[in-house]
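A.B. asks: Mind folding the following:
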Amino acid sequence: MRVLNPVGQMAPPRRSLANRPSELSGLRVGLIHNGKPGGRRLLERVGERLRSELGVASVAFFAKPHPSARGDFVSRVSGVIDVAVGAMAD
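C.D. replies: Residues are numbered from 1 along each chain as shown. Purely as a prediction, here's the structure:
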């Protein structure tokens, strides 16, 4: 009789964090809302603080068509902003 281990030995792929700017002054910031309740209000407040306290050049608001949107959405957004802030709120 041969006994198999159903767990497997796959290791998750290693991923690195995106490079982050040392400061936000003068940068274009995108606020990305995934449609969850409370997220829009949170991002509005974050945008206000980014403008008043960190001197960002602009703040743009983007609503994802659905929470797991990627691909075309990321391509469209990344062309008009320098950094992004996402909210996952309920």
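A.B. asks: Quick one: mean pLDDT for stretch 56-66?
C.D. replies: For stretch 56-66, mean pLDDT is 89.
A.B. asks: Give me the distance between that stretch and the centre of its chain.
C.D. replies: 10 Å (Cα atoms, centre = their mean, to the nearest Å).
A.B. asks: Go ahead and name everything in contact with it.
C.D. replies: Here stretch 56-66 makes contact (Cβ atoms under 8 Å, 6 or more residues apart in numbering) with 24-35, 43, 47, 50-51, 73, 77, 80-81. All C-beta spots, glycine's among them, are computed from the backbone N, C-alpha and C.
A.B. asks: Can you go through the residues you listed and name the buried ones?
C.D. replies: Neighbour counting with 16 or more other Cβ atoms under 10 Å marks 24, 27, 29-34, 43, 47, 50, 73, 77, 81 as buried within these.
A.B. asks: Filter the residues you listed down to the ones in helices?
C.D. replies: Residues of these located in helices (DSSP state H): 43, 47, 50, 73, 77.
A.B. asks: among the helices and strands of the chain, which one scores worst on average pLDDT?
C.D. replies: Counting by mean pLDDT, DSSP states H and E, the chain has its least confident helix or strand at helix 72-78, which shows a mean of 84.
A.B. asks: Okay, buried residues for that one please.
C.D. replies: Residues of helix 72-78 classed as buried by neighbour count (16+ other Cβ under 10 Å): 73, 77.
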